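Novice: Need a 3D model of the sequence below.
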Amino acid sequence: MSDNNALFARRQRRTRYALRKAGGVRPRLSVFRSGKHIYAQVIDDRKGATLAAASSLDEDVKGKIKTGADKSAAVEVGKLIAQRAIAAGVKEVIFDRGGYMFHGRVAALANAAREGGLSF
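Specialist: Residues are numbered from 1 along each chain as shown. This next block holds a predicted model:
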C-alpha cells in the first residue's frame, strides 16, 4: 500500500493532467494549504511565470485574520488573489486544487476569488 505522500502526489498529477486537457491557454490558480497557512498563485505555464500571488502571511491579510489556518483566512486570501490577478490583467483562470478535496478552506478560497471577479 502506498503512503500518504505518494497518494497525494498521484491525486495531484491526475488533477494537473485534467487541467492541461481542459485549460489550454488560461493561467491556473494554484492552491497550497499547510497546517498553519494557505497560499495561492496565478501561474502562466506557457511562460513558466507567476503572475500574482497571495498568502495568509501577507501584511494585507495578517491584520484581518486570527489565524492562517481557517476558512476566514482562506476567504481573505481568495479576495486578495482576485484583486492582484485582475491588476495583472488576468480575468479567466482554471482552478488547480492540487491533491486537495474541493472542500473547506480550498472551496472558501475559490468562492472568494470568484466573488472578487475571477472567472473559472
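
Novice: switch to C-alpha atoms for all contacts and neighbour counts from now on
Specialist: Will do.

Novice: can you pull out the helices in the protein?
Specialist: 4-23, 59-62, 71-87, 105-115 (DSSP state H).

Novice: Which of the ones you listed has the highest mean neighbour count?
Specialist: Each of these was scored by mean neighbour count; the highest is helix 71-87, a mean of 23, by mean count of other Cα atoms under 10 Å.

Novice: quick one, what contacts the residue nearest the centre of the chain?
Specialist: With distances taken as Cα atoms, centre = their mean, Val31 lies nearest the centre of the chain, 2.8 Å away. With contact taken as Cα atoms under 8 Å, 6 or more residues apart in numbering, Val31 is in contact with 38-41, 96-98, 106.

Novice: low-scoring stretches of this structure, by residue?
Specialist: Scanning the chain for pLDDT under 70 picks out the ranges 1, 23.

Novice: Ser55: neighbouring residues, count only.
Specialist: 25 (other Cα atoms under 10 Å).
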